[in-house]
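Chemist: Quick one, fold the following:
(one chain, ligands or ions: 1)
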Amino acid sequence: MQHFSCDYCGRTIPNSSRRFEVKMEVYASNEATMLQESDLESFDPLEELEDTLAEQLPITTFQKMRYDLCPSCHERFLADPLGRDLTRKFDFSEN
Ligand SMILES: [Zn+2]
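Modeler: So this is what the prediction gives:
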């Protein structure tokens, strides 16, 4: 059985507990030649190497991230997705 741990607090998420997934895609939104996900799948490095050598590889500006969150961190994430409230104290007891 696969076990998940929260990417935020590091605690193991019990299988009986809810697990939340966060998927983020970060890319330069003003690039003329946007790379679609379908392009990534069909991307053949060997075949397209010659073509792409001359131009910048747009793939470097595209990042896809995925995180697992426990229920409490899920709530915390939704309350402050970008972590702007740096002054907020988390009520975790250190142990
Ligand atoms: Zn957590």
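Chemist: For this protein, just list every one of the helices.
Modeler: Counting by DSSP state H, the chain has these helices, from start to end: 37-41, 45-53, 71-79.
Chemist: Tabulate the CA atom coordinates of the last one in PDB.
Modeler: Same thing as helix 71-79. Coordinates of the C-alpha atoms in helix 71-79 are reproduced here as PDB (Å, rounded to 0.1, in the frame of the first residue of the first chain):
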ATOM      1  CA  PRO A  71      -6.200  18.200   5.600                       C
ATOM      2  CA  SER A  72      -4.900  20.900   7.900                       C
ATOM      3  CA  CYS A  73      -2.200  22.000   5.500                       C
ATOM      4  CA  HIS A  74      -4.800  22.000   2.700                       C
ATOM      5  CA  GLU A  75      -6.800  24.600   4.700                       C
ATOM      6  CA  ARG A  76      -3.700  26.600   5.400                       C
ATOM      7  CA  PHE A  77      -2.700  26.500   1.700                       C
ATOM      8  CA  LEU A  78      -6.100  27.700   0.600                       C
ATOM      9  CA  ALA A  79      -6.100  30.500   3.100                       C
END
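Chemist: mind listing what's buried in it?
Modeler: Residues of helix 71-79 classed as buried by neighbour count (16 or more other C-beta atoms under 10 Å): 72-74, 76-77. Using the backbone N, CA and C atoms, a C-beta is placed for each residue, glycine as well.
Chemist: residues from the protein in reach of the ion?
Modeler: Along the chain, the residues adjacent to the ion under the rule C-beta under 5 Å from the ion are 6, 8-9, 70, 73.
Chemist: Skipping its backbone neighbours, what lies nearest residue 5 in space?
Modeler: The shortest distance from residue 5 to any non-neighbouring residue, by C-beta to C-beta, 6 or more residues apart in numbering, is to residue 12 (5.0 Å).
Chemist: would a markdown table of the residues of the chain next to the ion with distance to residue 24 and pLDDT be doable?
Modeler: Formatted as a markdown table, the residues of the chain next to the ion follow (distance: C-beta to C-beta, whole Å; pLDDT from 0 to 100):
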| residue | distance to residue 24 | pLDDT |
| --- | --- | --- |
| 6 | 16 | 97 |
| 8 | 13 | 94 |
| 9 | 18 | 96 |
| 70 | 18 | 97 |
| 73 | 15 | 96 |
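Chemist: Good, wrapping up.
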